[in-house]
Structure formats: C-alpha cells, structure tokens
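Novice: test case, fold it:
(chains A and B)
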Amino acid sequence: MKRGGPPEWPLQILRRFCPTQNLEEIEGDLLQRYARDYSLKGPAVARRKFVKNALLFFRPEIVRRRNVNSLRPMFVQYNLKLVLRNISKHKTLAAINLTGLSIAITISLFTAQFALFEFSFDRSSLGEESYRVDLSNATNGVFQKIEVSTVSGLAYEIKEQMPGVNLVGRLSSKKVGLILNKDLNFEQREDDIVMGDAAVLPLLAMTLKSGAAKSVLSTPDKMLISESAAIKYFGKSEVTGAVLAISIDGRQLKPYIIDGVFDDIPLNRHQRFNFLLAIEDPQAWNQNWSWSNCFTYISVDPKINRENLESAFASIVKAHHHPVDGKGDRYLLEAISDIRLRALDGTGRIEIVYFFIALAIIILLLAWFNNINLAIARAFEAVREVGIRKMTGGSRSQVFVRVIVEAVVYHTIAIGAAFLIFTLTWPHLSTFVGDAIAQTILQKPETYLISAVFTLLGSFVIGVYPATIISSIKPVHALSGNAGGLLNKSLVRRSIVTIQLSVTIALVFAVLIINRQIRFMREQDLGINIDQTLVVKEPLITDDASISKYEILRDELLAMPGIAAVTYASSFPGAEIDWHRADIGLGQEASNDASRFSSRIISIGSEFMETFGVNLLAGRNFNPLLESDKRAMIISEKASLMFGFRNYHDALGKEVFVGSRNFEVVGVVNNYHYRSFQTAVEPLLYIQGYPRNPAIAIKLSSSEIINQISAIEFKWKKAYMGNVFIYYFLNDVFDQQYQREDQLSMLTGCLTVIAIVISCSGIFALSLYEVSRRTKEIGIRKVMGASTGRIVNLISNEFIRMVFIAAVVGLPVVFVSKDIWLARFAYRAAFSAWLMVIPVCLVMLLVLSSIAIHTVREARRSPADSMRHS
Amino acid sequence: MGKDYLGEFEEVILTLVAALQEDAYGAAITDEIESKLKRDVNLSAVHVTLYRLEDKGYVKSKLGGGTSERGGRRKRIYTITAAGMALLKQMKETRLELWKMVPQLKITGA
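Specialist: The predicted structure is shown next:
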C-alpha cells in the first residue's frame, strides 16, 4: 500500500461477495470517492469513509446478484438438500449407516468417560507431588515382590534422618469396627476406619472443612470424620468437639473426640475412608520395624537430588533391616498419581483402560468402514449424476464437497443421537458399573469442541476416499453408461469388508477364550464344599466372658433342625489368609539359613474338616478334649511336599516350629483352593484356635434358610450382646473374586455383539445394494438357464471367500496375544481348536444370513420381472 | 399506475441519470446528490438503486472509460430508456396536477 492510498483489505473482502459482473465499476467508484474525500477532507477521513463505503456493499441486494447467470447455486442449502434427498431415497442404507455410527459414537463417549475417570485418579494433589514409599522386598538378595505397605518405624526414621523431605505421613490399612454415638444411641459397623498422622491430609490432598489443620490429631484420643459420616452420625456437618465411641480389632469401646471434619474424599482417589483416628500408641509405631502395618506417604523437595534420597534409604535399610532376610531390600518412591493406573505392585489398571479404548476405536472404525463402503458402492449410481453435473459446468471440487457434506451431515446426526443416548443411559449404567459418577463429560465444554473437531475429522476420514473416486468420474464415461475405472475399486471395498470381518472374528474368539477361562475356574473342584454355608462375621465387642460363649452357641445351633455343622476359623475361603509366617522350621527353630519355610497359617475349630468336607489323608483330626492337642498341627498336602516328607504318614509326629513355638503334626489333609483359581494353591498349616471373638460358619441342610437366619441371629445376639449381626453366604463371596473377570467378560461380550451388528449390517446393506445393482444381470443369467442356487452362489461366494481370508488374518492375532491375558491365572483352561472354528462358523452364518434374504428373493424372481423393473 | 410507481430516492436517481447524460455513473450521481441536494447518501445505496432501475427497465448501462483516480477501472455509464423517460414525465405531470389543487392562498399568504 503506497502512502496516501486506500487500504487494500476492504477491497479483498468486497471481492469475496461482490458479483463479478459489477465488481469493476464498484471498485472504480469506491476509489473515485476516496480520491475526492482525500482532497476535500484529508487522508484519515477518506480512509475511514472508504472502509465504510466498501463494507456497506455487503447487503442482500448486492450479494444476491452474485452468480445469477452461473450454474453454481448456493452452496450449503443446495448440498444439504441433495444429502437429505439421498438419505430419503435410500432409507434402509441411511438408517443402517446412522445407527451404526450413533452406536459407535455412544460407545466412544462411554469409553471417554471411563478413561477420563481412570486418568483423573489422584491428580489433584495440593502443591508438589506426593509419593508412596514402596518396599522392593528381597530375601537374601533374591527379589520377591513389591510391597506397598511398610513398617511404621520407616516414617519416623525418614523424618529424623532424610534430607529434603517436606512431609511424612502414615496411614494404616482399613479396619473394621463398631462406631457408636452414645447421645443418639446410634451404632453401626464400619469397614473404612483408618489410623494415621495428620500429615496425610496434605499428602493425600484432603481438605478440612472445619478444625485447625495445624493441630489436628495431636493426642491419641482424637479423630477426624468425613462430612457425610458426620451427617450420618450426628445429622449435621459441624461436629468438632463431639465424641464417638469406637471399637476396633475386637477391643472395648473407646471414646474419640472429633478434631475436625474433612470433605468427603472424591471417588477418584486411591485411598478413601470416612474415619481417621489418631495413632493409638505413637511410641510403638515409631519403634516398629518388625511388621508392615501402614502405608507411608512423603513429599520431597523438588530440588533434592534423587541419588541422595536413594543413599539415605539405603542407610535406613542397612540400619534396620535383617542382614540376611533384608538383603537386597530397596525402598522405592511411587508417585500417588501413578497408583491407580501403573502401580508398581502390578495392580495398575492401565491395560484394562487401553483395552477398552482400543475396543471403542475398533467399533468406531467398523462404523466408519460401513460408511465408506456404502459411499463407494453408491459411486456407481452417482456416475450419471456426476456426469451431468460436470457437463453443465460443475467442477470436480463441487462434487468432492458434496460427498464430504454428506459425511458431515451423517456425523452431526450421529453425534446428536449419541449425546442423547448417553444422557439417557448414563445414570443407569454408572450405578451398575460401580459407584455413581455424577460429573459426566457432557458437562465439560471441551467435549463439544472435541466433538466438533471429531465431526470434521471423521467426515474427512470417511468422505475423502469416496469423494476422490466419485469426483474423478469422467463425464464422457458417465454418460455413455461406462463406469470407467470405477469397477476396479471393488478391491478396496472387499478389503474393507475383510478387515471388518477379521476384527469381528478376532473379537468373538477373544470373548470365547475369556468366557471359557471363567467357566473353567468356576467349575473346578475347589477340594472343599462351600455350598449352603452361612458365615457370621466376628463380634467386635468382647469381654473376658466371651471366650466361653462359642461352645455354648455352637451346641445350641447344632440342636436346631436343618443345621448340619458349625465351625470357627480365623479366615474362610474366598478371603486372603493374612496370617503368614516366614520363620517356620522343621524339627528345630528356624535359623537364618536355607532351612526356613514360609507358609500361611489358619486357626480352626475341630469341626472345620467336617463342615467343609476336607478329607484327612493320614493321621487324625484335632481332639478338643486332649490338652496336648493345643500343640497339634494339621498340614496340607502342599505343605507336606514343601517340608519334603516322603509320604503323608511320614509327616505324622514331626515337630514344626513357628517362631519359637513348636507343634506336632497329627494329620495331613487334601489341598483346597481357599482363593479363586487365579492364584495357585499354597502350603497351609492348621492349628486349633481358642476363639474369643470368632467368625463362625454354619452349614445349612434345609431350604428354609430365611427362618433359620432369624433364629440364628437371635441365638448369636444372646451370646454376644451389644454386637451387630452380619452374615454372608460363603459361595457368594467366593464368587465375587471373579467379579473383575465377569465384568471384563460382560463388557467385552456386549462390545463384541455391537461390533458384530455393525459389521453385519454393513454387509447386509452392501449385498442389498449389490443385488439391486445386478438385477438385470441376474435376470439375464436366469434366462440363460442359471438355477436359483447358482445365483445365490454367485452373490454369496464373494462373501464366503472374504470370511476365510478374515479368519486367516484375525485368528492369529488373538491366538498370540491370549497368553498375555492368561498369564495372570495360575490355572488355565486347556486350549482347543474348537475355539477357533466356532468364531469362523458363527461369523460365516451371520454373514450368510445377512445377505440371504434379499439374495434369495432376487434369485427366485421371475427373470421377466427382474429385467423389466430395474 | 400501480406497478409503475417509483420511490422518492429512485425518482431522484432516475432524474439524475437523465440529467447527467454521458456522465451518469455511481460515484458521479452520489456526488451530485451530495452537492445539489445536500443529502448524505451512501455509495452502495446508489448502486443498489441503479441495479434495481436497470432490472425494471428504466435505465440501461454500458461500460465506459476508466480514469487514473479510479485505478484504471471502468465506469458503468447509465442512460435512461424511453420507458424511464415516459415514467419520469408522467410522474412530473401527476405532481403538477396535484399542485394545482392546492389553494394559492396558502402559498402567498402568511
């Protein structure tokens, strides 16, 4: 722009909308006016008036004059009309496309919601990153496993010795206890009571609603409570200073003063609890180096060198760990934001998150493939239309844009439908999957931006290839009825269908493997009978008299009709046995050499074997009348093997030391699975228990369970007064161990069905199209003598071939990757070739039935009709 | 008359096209309106009106010469058609007839 000249940009804008035939005189007049204003009123005014004058030409009377003589009509309106006309012309195809796409986008929404939730775990820490201290546990230099719980003395030592540590906090594992508000006489059993330091509040990004953050939990009789628990126990959230009586670990009720109320911990935290008690005996906790009783959280100065931390940890290990037992032990810092997804101990969920993201993408791709395929198929029909448009002056880009606009319309409709489905179903689904998540992705503005980007991207993905080939049609070919190079494009179409089919086959195969494994685990003989067994949880409040109650209660229960057996045990099948000793010796006290054994130990009543149908392989059961049997032990087959006895009888009479206590082996029993089949059978030692607060198992023999339960409750409450009666059925709880696999199997199954439906509907639509296109050909073939069977063959052969190719592609992928998933199970179902045959047959059947209806109908029509109506 | 009615602004423009003869084009007409009628008018309004008059058949146009101050762009020169001239005359006569109905007293008296 030369000095004094008018700005150029208004003219550029003008050119965008101004009719070409009038552009020259308008620009001329504008410039002339500018020159006049320039000389009369000066450059500034002239320039301003120039801009104003130019922009004022943007008015309907001018814009509408544009292209009135040309064949290019208004772009959006015209294209939309064409697309809608296309949709209503091919209602079935459009419906199939739209349904598939809507479902796929709905699945993507759900997956996005799920993934965002998983990725949001522990992301909202206040200030710097917090870490959990994990122990990489080794014995004599050989790595054993990563332990997430640590000894409580560690935190004390870290605080005292380590450089650059800002905060250290300990949190016990969750404890079961009874909580009582004496004023309201309201009591309840709670299973999320923890003990800990006040420092865990900032470390776990918890916020205090009331109470002074600096001084909470200063003495052992203080506690913090969550807002919802405060409302539950007091009916209000401002309860600082109030008192609750709490009994944990079966001890007497003890009063705790509420020091403050914290905001409810959100769902996306790895540690969630409602009651935080001060550490009962801080001195003992600080000194404890012998058993892991807490999680240790720390935050470190970001400037501190990692090597300094490691050497500090190394010196702690050296000072406090057993020289042999602890050789090779290392402490690791694990960012708490990694715990949910990438936990070092292998409980991370990242694989499952990626798995579902992958499934959602696969389903989306399948739906896109359908759209691409049908768009290509329609290219044949579009040949004539495109030919005429090009003849009358339409450009290639116009045709291209038309196809893309169609894809945009489809995506927009599908996204709208998906949002609707999501909104309607989310409240139901979220409660089904687990905890209700109120905040959905639809409340986040980014979702809409991403959806818009997704629409454009998706439209481009599914539109660009069909658009390219359709717009490349040559008018000469088109109008002479010759599709030009289009026929060669069926290779692309066939490959797309083949990919769809191979994905489908692979998914069915995977679902079969998962289900087979779950059924296998369910149907295995546990080696123990847990049917019709009721377990009553242990009483939490006991006194010195409680110890004598068990035998009386047992005898009373046994006298009831329909009760076959009653027993006590320190833990029952379906739960981990937490009594685990590594200092077991055979014949002598375990020393620090290789003669040490490690095993889980369970204390039982003498009725245990009978109640659960465990078989004695050698020796005898405990005899409660014999005083000497207090030092008797029964071992499992696996334990006998571990000790290296030649046979079961060889084991009898041997001395086994647990720490310094010695036991005499009196019997050997068969192995049984006290955990699900995900874990291998481990050695197990049984000793007789002397229950003060026993959990009891009751074997029922009749079917009138409901009546019996209230009778049992009555008797139990009489024995353990003031306690809450809580029971469960053993096989239900045992089954819950498969919950994770069940969910995986169910979700994968659902998604597979959806994938199958989308693929098959695509094939249905494609074959429908194929048949209608070849109506005349079929007529001619029939006139020439082809049978109905041959015609059906003609159409279906192509699809059958594709199924086989798909099988060759799809099966090996799953076959190779199945072992990764199966590796987590100690017992695996044997693989059988049927698992590969079934998916192929199933998909073949589905494909054939989706093409059968219209193929057969067309093939049976009289050739005269086929050739007339086409 | 009915459909042959012209709006006031259209009449002004049409009259100016007739008056300016070979010099009747958008910018010139705008200048005239501003200088003679002391009326602020927008260039685009003038253009739109000219196009409308052309659509109605009262003026016709051809492209004329360009000048340097127009950046070499040609002018669209408008000339009044016979129909346009007839309409203009008719409107003037109608106006005069209406004038005659107004009592003279009102003009002279005060």
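Novice: now what about stretch A:698-716, what contacts it?
Specialist: A:532-536, A:553, A:556-557, A:560-566, A:611, A:725, A:727 (CB atoms under 8 Å, 6 or more residues apart in numbering or on different chains). Every C-beta, even on glycine, is put in place using the N, C-alpha and C of the backbone.
Novice: could you give me the ChimeraX syntax to select whichever of those are buried?
Specialist: To isolate in ChimeraX the members of those that are buried, counting by 16 or more other CB atoms under 10 Å in any protein chain shown, one can use:
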select /A:532,533,534,535,536,553,556,557,562,563,565,566,611,725
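Novice: just the contacts of stretch A:698-716: which are in strands?
Specialist: A:533-536, A:563-566, A:727 (DSSP state E).
Novice: from the residues you listed, which is closest to A:Ala44?
Specialist: A:Tyr727 (90.6 Å; CB to CB).
Novice: beta partners of that closest one?
Specialist: Applying DSSP bridges to A:Tyr727 gives these bridge partners: A:Val536.
Novice: state the number of residues packed around the residue in chain B that chain A sits nearest to.
Specialist: In chain B, the residue that lies nearest chain A is B:Arg73 (3.3 Å; CB to the nearest CB). Residues lying near B:Arg73 (other CB atoms under 10 Å in any protein chain shown) number 20.
Novice: quick check: phi and psi at it.
Specialist: phi -80, psi 140 (degrees, to the nearest 10).
Novice: now B:Leu6
Specialist: Per degrees, to the nearest 10, the backbone of B:Leu6 is at phi -120, psi 150.
Novice: wait, isn't the residue of chain B closest to chain A in contact with A:Leu31?
Specialist: Yes - assessed by CB atoms under 8 Å, B:Arg73 is found in contact with A:Leu31 at 6.8 Å.
Novice: mind listing what's buried in stretch A:790-809?
Specialist: A:791-792, A:794-796, A:799, A:802-803, A:805-807, A:809.
Novice: ok, which residues in the stretch 251-400 of chain A are in contact with chain B?
Specialist: By CB under 8 Å from any CB of the partner chain, no residue of the stretch 251-400 of chain A approaches chain B.
Novice: need the helices for the stretch 251-400 of chain A, in chain order.
Specialist: Remark: helices assigned in the stretch 251-400 of chain A by DSSP state H, counting those that start in this stretch are A:282-287, A:306-320, A:339-342, A:350-391, A:396-433.
Novice: how about those helices in TSV, adding mean pLDDT, distance to A:Val51 and mean neighbour count?
Specialist: Output for the helices of the stretch 251-400 of chain A, formatted as TSV (pLDDT from 0 to 100; distance: least, CB to CB, whole Å; neighbours: other CB atoms under 10 Å in any protein chain shown):
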stretch	mean pLDDT	distance to A:Val51	mean neighbour count
helix A:282-287	89	78	14
helix A:306-320	85	62	15
helix A:339-342	87	57	20
helix A:350-391	84	39	20
helix A:396-433	83	32	18
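Novice: now render those helices as CSV, adding distance to A:Asp264.
Specialist: Shown next, in CSV, are the helices of the stretch 251-400 of chain A (distance: least, CB to CB, whole Å):
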stretch, distance to A:Asp264
helix A:282-287, 27
helix A:306-320, 33
helix A:339-342, 18
helix A:350-391, 25
helix A:396-433, 17
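Novice: so which of these comes closest to A:Pro624?
Specialist: helix A:282-287 (34.7 Å).
Novice: which element, helix or strand, includes the residue lying closest to B:Glu69 once chain neighbours are set aside?
Specialist: Excluding its sequence neighbours, the residue lying closest to B:Glu69 (CB to CB, 6 or more residues apart in numbering or on different chains) is A:Ala35, at 4.1 Å. A:Ala35 is located in helix A:20-41, with elements delineated by DSSP states H and E.
Novice: from the middle of its chain, how far away would that helix be?
Specialist: Per CA atoms, centre = their mean, to the nearest Å, the displacement of helix A:20-41 from the mean C-alpha position of its chain is 67 Å.
Novice: could you pull out the buried residues of that helix?
Specialist: Across helix A:20-41, burial judged by 16+ other CB under 10 Å covers A:22-38.
Novice: please enumerate the strands of chain B.
Specialist: Going by DSSP E, chain B shows strands at B:59-66, B:74-80.
Novice: got a markdown table for those strands, with mean neighbour count too?
Specialist: A markdown table is the format used below for the strands of chain B (neighbours: other CB atoms under 10 Å in any protein chain shown):
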| stretch | mean neighbour count |
| --- | --- |
| strand B:59-66 | 15 |
| strand B:74-80 | 22 |
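Novice: reformat those strands as CSV; add mean pLDDT.
Specialist: Below are those laid out as CSV (pLDDT from 0 to 100):
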stretch, mean pLDDT
strand B:59-66, 87
strand B:74-80, 92
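Novice: go through those strands and name the closest to B:Asp40.
Specialist: Across the strands of chain B, closest to B:Asp40 is strand B:74-80 (CB to CB), at 21.7 Å.
Novice: now the closest one against helix A:20-41, angle please.
Specialist: Interaxial angle of strand B:74-80 relative to helix A:20-41 (axes from the mean of the first three to the mean of the last three CA atoms, to 10 degrees): 100 degrees.
Novice: partners of strand B:74-80, with directions?
Specialist: So strand B:74-80, judged by DSSP bridges, has these partners: strand B:59-66 (antiparallel).
Novice: alpha carbons only: can I get the partner strand in CSV?
Specialist: In CSV, the C-alpha atoms belonging to strand B:59-66 read as follows (Å, rounded to 0.1, in the frame of the first residue of the first chain):
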residue,chain,number,x,y,z
VAL,B,59,-32.2,2.6,-17.4
LYS,B,60,-29.7,0.7,-19.4
SER,B,61,-26.0,0.5,-18.9
LYS,B,62,-22.7,0.0,-20.7
LEU,B,63,-19.1,0.1,-19.5
GLY,B,64,-17.3,3.4,-20.3
GLY,B,65,-13.7,4.5,-19.9
GLY,B,66,-11.6,4.4,-16.8
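Novice: sticking with A:Met195, tell me its helix or strand.
Specialist: Applying DSSP H and E, one finds A:Met195 within strand A:186-195.
Novice: buried ones in that strand, by neighbour count?
Specialist: A:187, A:190, A:192-195.
Novice: which one of those residues is nearest to chain B?
Specialist: A:Asp192 (74.2 Å).
Novice: my read is that that closest one contacts A:Arg272, right?
Specialist: Yes - between A:Asp192 and A:Arg272 there is a contact under CB under 8 Å: 7.1 Å.
Novice: joint contacts of the two?
Specialist: Joint contacts of A:Asp192 and A:Arg272 (CB under 8 Å, 6+ apart) do not exist.
Novice: state the distance from the closest residue to A:Met867 other than its chain neighbours to A:Pro863.
Specialist: Leaving aside its sequence neighbours, A:Met867 sits nearest to A:Gly779 (CB to CB, 6+ apart; 3.8 Å). Going from A:Gly779 to A:Pro863 by CB to CB, to the nearest Å gives 4 Å.
Novice: want to throw the strands of chain B into a markdown table with distance to A:Ile518?
Specialist: Output for the strands of chain B, formatted as a markdown table (distance: least, CB to CB, whole Å):
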| stretch | distance to A:Ile518 |
| --- | --- |
| strand B:59-66 | 84 |
| strand B:74-80 | 83 |
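Novice: neighbours of residue 91, just the number please.
Specialist: With no chain named, the answer covers chain A. For A:Lys91, using other CB under 10 Å, the count is 9.
Novice: sorry, should have said chain B
Specialist: 17.
Novice: over to A:Thr92?
Specialist: 12.
Novice: any idea of the mean pLDDT for stretch B:7-18?
Specialist: Taken as a whole, stretch B:7-18 has an average pLDDT of 91.
Novice: would you mark the buried spots in it?
Specialist: B:10-18.
Novice: can you list which of those residues are found in helices?
Specialist: B:10-18 (DSSP state H).
Novice: need the max-distance pair from the residues you listed.
Specialist: Counting by CB to CB, the most remote pair of those is B:Glu10 and B:Ala18, 12.7 Å apart.
Novice: gap between the residue in chain A positioned nearest to chain B and B:Lys75?
Specialist: Nearest residue of chain A to chain B: A:Gly28, at 3.3 Å (CB to the nearest CB). Here A:Gly28 is placed at a distance of 6 Å from B:Lys75 (CB to CB).
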